[in-house]
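Compute the structure for the input listed below.
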Amino acid sequence: MFKHATVFIVSSILAFGTGAANAQTVGDWVLGNYQGAGYWFPGVIAKTSGDKITIQYDDGETETVYQSAVRPYDWKVGSKVECNYKGAGDWYSGKISSLSGEKIGIAYDDGDKETTKTGRCRSR
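Numbering: from 1, shown residues only. The predicted structure follows:
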C-alpha cells in the first residue's frame, strides 16, 4: 500500500513542478486564474473533461478552464496573499498566519489581523 502511495506522491510532485495541474482529480483543492485576470483563487475541482477543469471556487463562483489556468493549491503559513478585509470590497496585502481548511488567519502588511475564509483571499 505505501509503495503505491509513494509513487503517486512522487508523480504528483513531478507534475506540479511544471505549473500544470495534469495530476489533479475531482475533489482536489487548487488555485484557479479566475477569468484570466492574473489572480489565483482557491477552489475545488468539481469536474474534469479532457484538458478542461471545472472549479467550484471557495467564494461560490464556478468556472470551466483549461488545465493551464489551474495550479496546485500551495498556500501555507507565511504565503503572501491579498484579502478582502472584512468583506468591504478592497483588497489588502498580508501573509497567512494560520490555515485550517477554509479558515484562514491573515496578518496584514499594515498591522491589522483578521480570521476569515479562503474565499475572500487571492494570490499572484
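
Could I get the full set of strands for this protein?
Here the chain has its strands, by DSSP state E, at 29-33, 40-49, 52-57, 62-66, 70-72, 80-84, 91-100, 103-108, 113-117, 121-122.

Same list, those strands, but as JSON lines with mean pLDDT and mean neighbour count please.
C-betas here are computed from N, CA, C, even on glycine. Compiled in JSON lines, the strands of the chain are given as follows (pLDDT from 0 to 100; neighbours: other C-beta atoms under 10 Å):
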{"stretch": "strand 29-33", "mean pLDDT": "95", "mean neighbour count": "21"}
{"stretch": "strand 40-49", "mean pLDDT": "96", "mean neighbour count": "18"}
{"stretch": "strand 52-57", "mean pLDDT": "96", "mean neighbour count": "20"}
{"stretch": "strand 62-66", "mean pLDDT": "96", "mean neighbour count": "15"}
{"stretch": "strand 70-72", "mean pLDDT": "93", "mean neighbour count": "21"}
{"stretch": "strand 80-84", "mean pLDDT": "97", "mean neighbour count": "19"}
{"stretch": "strand 91-100", "mean pLDDT": "97", "mean neighbour count": "15"}
{"stretch": "strand 103-108", "mean pLDDT": "97", "mean neighbour count": "18"}
{"stretch": "strand 113-117", "mean pLDDT": "96", "mean neighbour count": "14"}
{"stretch": "strand 121-122", "mean pLDDT": "97", "mean neighbour count": "22"}
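
Let me see the domain layout of the protein.
Domain assignment for the chain by automatic domain parsing gives 2-72, 80-122.

Backbone dihedrals for the residue nearest to T48 when sequence neighbours are not counted, both of them.
Of all residues not flanking T48 in the chain, V26 sits nearest, at 6.2 Å (C-beta to C-beta, 6 or more residues apart in numbering). Torsion angles at V26 (phi, psi; degrees, to the nearest 10) stand at phi -50, psi 130.

what's the pLDDT at V26?
In this model, V26 is scored at 94, pLDDT.
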